[in-house]
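>>> sequence-free structure coming up:
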DNA sequence: ATGATATATAATAATATTCATATATTTGTT
DNA sequence: AACAAATATATGAATATTATTATATATCAT
């Protein structure tokens, strides 16, 4: 099991949200928790693409997931990312 | 000349600092403006590697540069990145 | 002008990321 | 049990990133 430094962890988080689709997903989740279908309907992207990006975010513990029947509801679960999101939303 | 959306610009910035070496450089610059030699002495990395990473940061307008004789002094020039750096330094 | 120091750039091989397509799983409904 | 809907995973080709090595440029001192 690999051990990562604080800097490595942080840079992986920044890199994960440093992708236009994933950043859009995260900013969207900041406004409203959503299931996959809502996200790809909204972004006009293939379902698999959205699932793949969500999976990246989930692996880095940036988002969490709740099962609601067949649906999966995603939400931001990382306080540092929430801070960044707030900084972005203030800038707009 | 390519036109980029706000989200694309932001995600490129996050991606640029989402690399362990570049994040280390940026966090270091937040404490003290430095020239290239100080940075690679300090990080134990080849000079070319540091120059290349600085060049990535410069292209994204994350850092600026001042000539001081043979030396080049780098400094953070992006307010959004400064906000993120502050958020990180508060977390430690 | 020559040499030394600091930095930048070019070229490239190794590696990682991305997106699309196809397929598999899971859950609810009939 | 069979089907449909929502989501996840596997595979692979195209592309991008990374680190290394070698070379080039710029500035200062002699």
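Thanks, I have it. In this text, all values refer to a predicted model and were calculated from it rather than measured experimentally. Residues are numbered from 1 along each chain as shown, chains lettered A, B, ... in the order given.

>>> from here on, just use CA atoms for contacts and neighbour counts.
Noted.

>>> now the helices for chain A?
A:6-17, A:20-31, A:36-43, A:47-59, A:79-91 (DSSP state H).

>>> quick one, which of these is nearest to DNA strand C?
helix A:47-59 (4.8 Å; Cα to the nearest atom of the strand).

>>> turn the helices of chain A into JSON lines, including mean neighbour count, distance to chain B and mean pLDDT.
Below are the helices of chain A laid out as JSON lines (neighbours: other Cα atoms under 10 Å in any protein chain shown; distance: least, Cα to the nearest Cα, whole Å; pLDDT from 0 to 100):
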{"stretch": "helix A:6-17", "mean neighbour count": "20", "distance to chain B": "4", "mean pLDDT": "97"}
{"stretch": "helix A:20-31", "mean neighbour count": "19", "distance to chain B": "5", "mean pLDDT": "95"}
{"stretch": "helix A:36-43", "mean neighbour count": "15", "distance to chain B": "13", "mean pLDDT": "84"}
{"stretch": "helix A:47-59", "mean neighbour count": "16", "distance to chain B": "14", "mean pLDDT": "96"}
{"stretch": "helix A:79-91", "mean neighbour count": "14", "distance to chain B": "7", "mean pLDDT": "93"}
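
>>> make a markdown table out of these and add distance to residue B:91.
Shown next, in a markdown table, are the helices of chain A (distance: least, Cα to Cα, whole Å):
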| stretch | distance to residue B:91 |
| --- | --- |
| helix A:6-17 | 11 |
| helix A:20-31 | 21 |
| helix A:36-43 | 31 |
| helix A:47-59 | 21 |
| helix A:79-91 | 8 |
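
>>> JSON lines please, covering those and showing distance to DNA strand C.
Output for these, formatted as JSON lines (distance: least, Cα to the nearest atom of the strand, whole Å):
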{"stretch": "helix A:6-17", "distance to DNA strand C": "7"}
{"stretch": "helix A:20-31", "distance to DNA strand C": "7"}
{"stretch": "helix A:36-43", "distance to DNA strand C": "11"}
{"stretch": "helix A:47-59", "distance to DNA strand C": "5"}
{"stretch": "helix A:79-91", "distance to DNA strand C": "17"}
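
>>> and residue A:53, what does it touch?
A:21-22 (Cα atoms under 8 Å, 6 or more residues apart in numbering or on different chains).

>>> quick one: end-to-end length of stretch A:11-28, please.
Stretch A:11-28 has an end-to-end distance of 22 Å (Cα to Cα, to the nearest Å).

>>> and stretch A:54-71, by the same measure?
14 Å.
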